[in-house]
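J.: Provide a 3D model corresponding to the input given below.
(one chain, ligands or ions: 2)
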Amino acid sequence: MDPDPPLHETYKALFANTKISSTDDDDRRLVTVEERELPLIDLSRLSLNEAEQKQCKEEIARAGHEWGFFQVINHGISMELLEKLREEQVRVFKQPFRNKFLNFSDGSYRWGTPTATSLRQLSWSEAFHIPMTDISSSSMEPFATKVASLAQKLAEILADKLGHNSTFFQQSCLPSSCYLRLNRYPPCLIPSDIYGLMPHTDSDFLTILNQDQVGGLQLVKDGKWIAVKPNPEALIINIGDFFQAWSNGFYNSVEHCVVTHPTKERFSAAYFLCPSYETVIESCSQPSVYSKFSFREYKQKVQEDVQRYGYKNTHQKVCFQTSSRPKLKASCTETCGTEQEWLLWNEGGNFPIDELLRWVHIALLCVQDDPALRPAVSSAILLLRTNSAARFLHMIYLQPSGLPSSFSGNTCI
Ligand SMILES: O=C(O)CCC(=O)C(=O)O
Ligand SMILES: [Fe+2]
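T.: Ligands and ions are numbered 1, 2, ... in the order given. Sure thing, here's the model as predicted:
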């Protein structure tokens, strides 16, 4: 029996309705993507002398701030454990498609994108989304235990660098709220660029990713998509939305995606350090760029967004809505949002007023009298240029603190 989910069959109508191999330049994947090494951090220095430890922690914090993504080597998870994880992953994905629903708890197995209304909203992949509490009895348990403690350690280092010796992560990220996602990206022979996983940011504190050598992970750096060169010895760490909010925008939750390969299948496993639903995320410093919100509230917003726009990211509505207006001149992820909003304004209406007001809001944040209250330049650029979590968080949670009193922040939310 076939192990592959019926992706071709199920999404036939989307292929029929989409112009394939378009030369339209509003498709970001037609833009040449440069392959880059992520910052590479050797964690063995954490057990050396104080100076080495300090240096290592500084590199971690800098990478979290400047890139939102980095790689770690000598992370304490042996090649043998990673091999075992891979074997188990291949085993669960290679069983007949129908049996996959019987693994782990209900709803763990997912494939494709049920809400997709166009090819751009389709993820050509399958995944097991497994709460850590379900892993305790499986052969992945030794990996899971190690990766969970690595995540806690990194979260503490990142918090410590902001002057917070925090037990917050230990208290709020429990085995019932953290999970492991096993991803498989089948080859995709269709002559069009289809995502393995659509552009997104992670709704967690941080993610630890183990990928194979096929490649396909891409992320936004300085407003451009770059491809991550796989390193067999390294795990990839990325900052999630909640760390960005908790750090008051110091660390960056960066948009990333996976592109498919025409002939090779790809496997990856991601551990998500997530808080319980009741956890309230509040910035660790004042004045806070974000208002308080609970994980539950945030998840609800994300779900509403996906239902309405097919994407978590609200900005996509501007780029992907079907419209009689002329096509915007470049990819929405390559184009500064302001440009798009002014373009829509000039075209006479139907412009997103909330977007425009948010741009004003960002501008005001950047010109506050007290430089300490202004966002970092990198955050401001990210806000302006990418579909990052920063945009999303600002869209829904930006609060008026620190702004001139005549400006009502509520209008931006
Ligand atoms: O497979 C990958 O490289 C990325 C996976 C990912 O971004 C995710 O599961 O959130
Ligand atoms: Fe992700």
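J.: gap between the two ends of stretch 275-292?
T.: Start and end residues of stretch 275-292 are separated by 14 Å (C-alpha to C-alpha, to the nearest Å).
J.: What residues of that stretch count as buried?
T.: Residues of stretch 275-292 classed as buried: 275, 279, 281, 283-284, 288-291 (neighbour count, 16 or more other C-beta atoms under 10 Å). The C-beta positions use only the backbone N, C-alpha and C, and glycine is treated the same way.
J.: Next: stretch 225-238.
T.: 225-228, 230, 234-238.
J.: for the protein, longest helix please?
T.: helix 141-160 (DSSP state H).
J.: same for it, what does it pack against?
T.: Judged by 3 or more C-beta pairs under 8 Å, 6 or more residues apart in numbering; DSSP states H and E, helix 141-160 is in contact with helix 50-66, helix 79-94, helix 132-135, helix 168-172, strand 206-211, strand 235-239, helix 241-246, strand 266-273.
J.: Output these in CSV, with distance to ligand 1 and mean pLDDT appended to each entry.
T.: Shown next, in CSV, are those (distance: least, C-beta to the nearest ligand atom, whole Å; pLDDT from 0 to 100):
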stretch, distance to ligand 1, mean pLDDT
helix 50-66, 17, 97
helix 79-94, 12, 95
helix 132-135, 15, 92
helix 168-172, 19, 92
strand 206-211, 5, 98
strand 235-239, 7, 98
helix 241-246, 12, 94
strand 266-273, 3, 98
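J.: Which two among the buried residues of stretch 225-238 are spaced furthest apart?
T.: Trp225 and Leu235 (21.7 Å; C-beta to C-beta).
J.: related to what we said a few turns ago, buried deepest among the helices and strands packed on helix 141-160, which one?
T.: Burial of the helices and strands packed on helix 141-160 is given as mean neighbour count (mean count of other C-beta atoms under 10 Å); helix 241-246 ranks first at a mean of 27.
J.: The closest residue to ligand 1 within the stretch 1-150 of the chain: which element?
T.: Nearest residue of the stretch 1-150 of the chain to ligand 1, counting by C-beta to the nearest ligand atom: Ala127, 7.1 Å away. Here Ala127 sits within strand 126-131, counting by DSSP states H and E.
J.: how about the CA coordinates for that strand, as PDB?
T.: This file holds the C-alpha atoms of strand 126-131, laid out as PDB (Å, rounded to 0.1, in the frame of the first residue of the first chain):
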ATOM      1  CA  GLU A 126       3.300  15.500   5.800                       C
ATOM      2  CA  ALA A 127       4.000  15.600   9.500                       C
ATOM      3  CA  PHE A 128       3.500  14.000  12.900                       C
ATOM      4  CA  HIS A 129       2.800  16.700  15.500                       C
ATOM      5  CA  ILE A 130       3.500  14.900  18.800                       C
ATOM      6  CA  PRO A 131       3.200  16.400  22.300                       C
END
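J.: interface residues of the stretch 101-250 of the chain facing ligand 1?
T.: Within the stretch 101-250 of the chain, the positions lying close to ligand 1 (C-beta under 6 Å from any ligand atom) are 181, 183, 197, 202, 209, 211, 217.
J.: For those, which single residue is the most surrounded?
T.: Asp202 (26 neighbours; other C-beta atoms under 10 Å).
J.: Could you list the low-pLDDT ranges of the stretch 51-200 of the chain?
T.: 191-192 (pLDDT under 70).
J.: redo that, cut-off 80
T.: 136-137, 165-166, 190-193 (pLDDT under 80).
J.: Show me the shaky parts of the stretch 301-413 of the chain.
T.: In the stretch 301-413 of the chain, residues with pLDDT under 80: 306-413.
J.: In it, what residue comes closest to ligand 1?
T.: Lys312 (11.0 Å).
J.: quick one: contacts for that residue?
T.: Shown in contact with Lys312 (C-beta atoms under 8 Å, 6 or more residues apart in numbering): 200-201, 203, 302, 305-306, 392.
J.: Dump those to CSV, plus neighbour count.
T.: Converted to CSV, these look like this (neighbours: other C-beta atoms under 10 Å):
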residue, neighbour count
His200, 21
Thr201, 30
Ser203, 20
Val302, 20
Asp305, 19
Val306, 17
Phe392, 26
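J.: In strands only, show me those.
T.: Members of the contacts of Lys312 lying in strands (criterion: DSSP state E): His200.
J.: which of the contacts of Lys312 sit farthest apart?
T.: Thr201 and Val306 (12.9 Å).
J.: And for Cys173, the neighbour number?
T.: As a measure of burial, Cys173 has 25 neighbours, counting by other C-beta under 10 Å.
J.: Ok, the one 4 residues further on next?
T.: Other residues within reach of Ser177, judged by other C-beta under 10 Å, total 20.
J.: which stretch of helix or strand covers it?
T.: Ser177 belongs to no helix or strand, assigned by DSSP H and E.
J.: what residues are up against it?
T.: Counted by C-beta under 8 Å, 6+ apart, Ser177 has contacts 131, 274-277, 279, 295.
J.: What of Phe168?
T.: Here Phe168 is in contact with 159, 246 (C-beta under 8 Å, 6+ apart).
J.: Recalculate using a threshold of 10 Å.
T.: By C-beta atoms under 10 Å, 6 or more residues apart in numbering, Phe168 lies in contact with 155-156, 159, 205, 246, 275, 279, 281-282, 284.
J.: between those residues, which is closest to ligand 1?
T.: Closest to ligand 1, out of all of the contacts of Phe168 and judged by C-beta to the nearest ligand atom, is Phe205, at 13.4 Å.
J.: For Cys257, list each beta-bridge partner.
T.: Cys257 has these beta-bridge partners by DSSP bridges: Gln218.
J.: Lovely, talk soon.
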